[in-house]
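> Sharing a sequence plus its predicted fold:
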There are 2 protein chains.
Amino acid sequence: MEFCNKIIPTKSRFADAADLKCHLPKGHTGTCEEFPFLKHLSKVDKKVAEKIKRDATMTTGAAWKSKKAGPNRILRWVMLLDDKQLMAHGINMAALKPDVVAKLREKAADYDSCILVAAKLTGLVYQMENAPTPPPEIKRCLEALFGDMAPNTTRCVICRSPLDYRLFAKAVRGKAAIETCHKNPRIHNPENVGFGHRECNIAQGAKTLDEFYQWIAEILARVEAENSL
Amino acid sequence: MEFCNKIIPTKSRFADAADLKCHLPKGHTGTCEEFPFLKHLSKVDKKVAEKIKRDATMTTGAAWKSKKAGPNRILRWVMLLDDKQLMAHGINMAALKPDVVAKLREKAADYDSCILVAAKLTGLVYQMENAPTPPPEIKRCLEALFGDMAPNTTRCVICRSPLDYRLFAKAVRGKAAIETCHKNPRIHNPENVGFGHRECNIAQGAKTLDEFYQWIAEILARVEAENSL
């Protein structure tokens, strides 16, 4: 599918970091829209739609609270700007600790990747157990991007069990039970992104998914070896 | 080994919650001491000795910061007092959220268990790779409590790899690389407590160790099943 890709005017202070574009199909009628595939979900479940937009386009919040922790959430493509350009936006990278800078920089992603991640996550939501049904035009658009959709097929990226849409509404101490996960925490594109249980995402930590499976396999091997002594 | 168990005078505001006792061997000469087994470690590595004392005797800090999060750290045996007794200490449990109360209450442990946990952790430290060597009288006391000690035998409770003493000095974003771990997070006694890697402790989460091993075995089974499709 080809996007319309006309530039959408914005008053964002980060307008120079990336053009916002229309993601309706090329040759569409009516007004241009940046997130047309989220339109239905925004109506039936605004919180989930906003979570998708946020996780797809923004760096994660700083869990380690301190003056030097850096911006809490920022557009991922803004983190592609160099230090000098960021300084012009009032973001002084040199004042942040090196590990904070590294963490922010590794969350960087270009605008187009972020849009595709948002579309990918939207499709995954519609394929969860107990999820709302997408209108035909949105299903068509998502299938054109990522292939056929089938109900109840979205699994946790990490533990591979089916994900229930209703988990989005479940939170423990203010933390949602479903999180956006990365097979490789340092790559933000549709192939690498999906949903997972919060506990699985926490267990994976900074490891890639392959490293995580390797790690837990080694743990089980050591436990077995000890038990067989 | 029998402890002296003479009561040590204290001005603590929680003095009524438990008597502090002497843990030198019964019939010892000289002044009574509450933590004699930590005396050497306190001299050679005060931070590690204080960590042992803190983790053994205090509830964990509230990671979820809020007004209703409750006391940050409190003596574990104080959490055995009932709501009315706690109110007399200025701690209003009724004002806390139910999950906070549950979390504080599950960290409760009696004074004697806490002392034995501190001794157990001290012994585990001395048996880590690159650990200091305990003076004979401390080694004797710890072996009387928990059996023979051997250098380089302390392993992560969770992943079962050897633990290096030098990890105590290693921290990422202010968090020590070694944490006190519980095979069952709701039981605080020497059989159930040990040291582990921070990443392992985080991965285990609120699960018991058995539940954790079961969980990761199931993950690997699902991944294998998918890969063999």
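Received the coordinates, thanks. Fair warning: this is a prediction, and the values are worked out from it, not measured in the lab. Numbering: from 1, shown residues only, chains lettered A, B, ... in the order given.

> ok, and does the lowest-mean-pLDDT helix or strand in chain A reach over to chain B?
In chain A, no helix or strand scores lower on mean pLDDT, DSSP states H and E than strand A:171-172, which sits at a mean of 76. Yes - Strand A:171-172 is in contact with chain B by CB under 8 Å from any CB of the partner chain, via A:Val172. In this view, the C-beta of every residue, glycine as well, is placed from N, C-alpha and C.

> which stretches of chain A form strands?
Here chain A has its strands, by DSSP state E, at A:7-8, A:20-21, A:171-172, A:175-176, A:178-182, A:193-197.

> Return the most buried member of those strands.
strand A:193-197 (a mean of 23; mean count of other CB atoms under 10 Å in any protein chain shown).

> Parallel or antiparallel, list what pairs with that one.
Applying DSSP bridges to the sheet, strand A:193-197 is found paired with strand A:178-182 (antiparallel).

> Give me the contacts around the strand it pairs with.
A:51-52, A:55-56, A:121, A:156-158, A:163, A:167-168, A:188, A:192-198, A:200-201, A:204 (CB atoms under 8 Å, 6 or more residues apart in numbering or on different chains).

> repeat for stretch A:19-32
The set of residues external to stretch A:19-32 that reach it, using CB under 8 Å, 6+ apart, is A:1-8, A:10, A:12, A:33-37, A:111, A:115, A:119, A:141, A:144.

> Also stretch A:49-56?
A:35, A:38, A:41-42, A:73, A:114-115, A:117-118, A:121-122, A:125, A:168, A:176, A:180, A:193.

> Tell me the residues of chain A that contact chain B?
Chain A has residues A:64-65, A:99, A:158-161, A:172-174, A:199-200, A:202-203, A:205, A:213, A:215-220, A:222-223, A:226 near chain B, with proximity defined as CB under 8 Å from any CB.

> ok, of the residues you listed, which come out buried?
A:158-160, A:199-200, A:203, A:213, A:215-217, A:219, A:223 (16 or more other CB atoms under 10 Å in any protein chain shown).

> most surrounded residue in the contacts of stretch A:49-56?
Highest neighbour count within these: A:Thr122, with 27 neighbours (other CB atoms under 10 Å in any protein chain shown).

> hmm, back to that, any of the contacts of stretch A:19-32 buried? List them.
A:3-4, A:35-37, A:111, A:115, A:119, A:141.

> Among these, which are located in helices?
A:111, A:115, A:119, A:141 (DSSP state H).

> right, and the first one touches A:Ala15 too?
No - counting by CB atoms under 8 Å, A:Tyr111 stays clear of A:Ala15, with 11.6 Å between them.

> Just the CA atoms of the lengthiest helix in chain A, as PDB, please.
The longest helix of chain A (DSSP H) is helix A:209-227. C-alpha atoms of helix A:209-227 as PDB (Å, rounded to 0.1, in the frame of the first residue of the first chain):
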ATOM      1  CA  LEU A 209      14.700 -12.000  23.000                       C
ATOM      2  CA  ASP A 210      17.300 -14.500  21.800                       C
ATOM      3  CA  GLU A 211      19.600 -13.600  24.700                       C
ATOM      4  CA  PHE A 212      16.700 -13.900  27.100                       C
ATOM      5  CA  TYR A 213      15.700 -17.400  25.900                       C
ATOM      6  CA  GLN A 214      19.400 -18.400  26.000                       C
ATOM      7  CA  TRP A 215      19.700 -17.000  29.500                       C
ATOM      8  CA  ILE A 216      16.600 -18.900  30.900                       C
ATOM      9  CA  ALA A 217      17.700 -22.100  29.200                       C
ATOM     10  CA  GLU A 218      21.000 -21.900  30.900                       C
ATOM     11  CA  ILE A 219      19.300 -21.200  34.300                       C
ATOM     12  CA  LEU A 220      17.200 -24.300  33.900                       C
ATOM     13  CA  ALA A 221      20.200 -26.400  32.800                       C
ATOM     14  CA  ARG A 222      22.100 -25.400  35.900                       C
ATOM     15  CA  VAL A 223      19.100 -26.100  38.200                       C
ATOM     16  CA  GLU A 224      18.700 -29.500  36.600                       C
ATOM     17  CA  ALA A 225      22.400 -30.300  36.900                       C
ATOM     18  CA  GLU A 226      22.200 -29.400  40.600                       C
ATOM     19  CA  ASN A 227      19.100 -31.500  41.200                       C
END
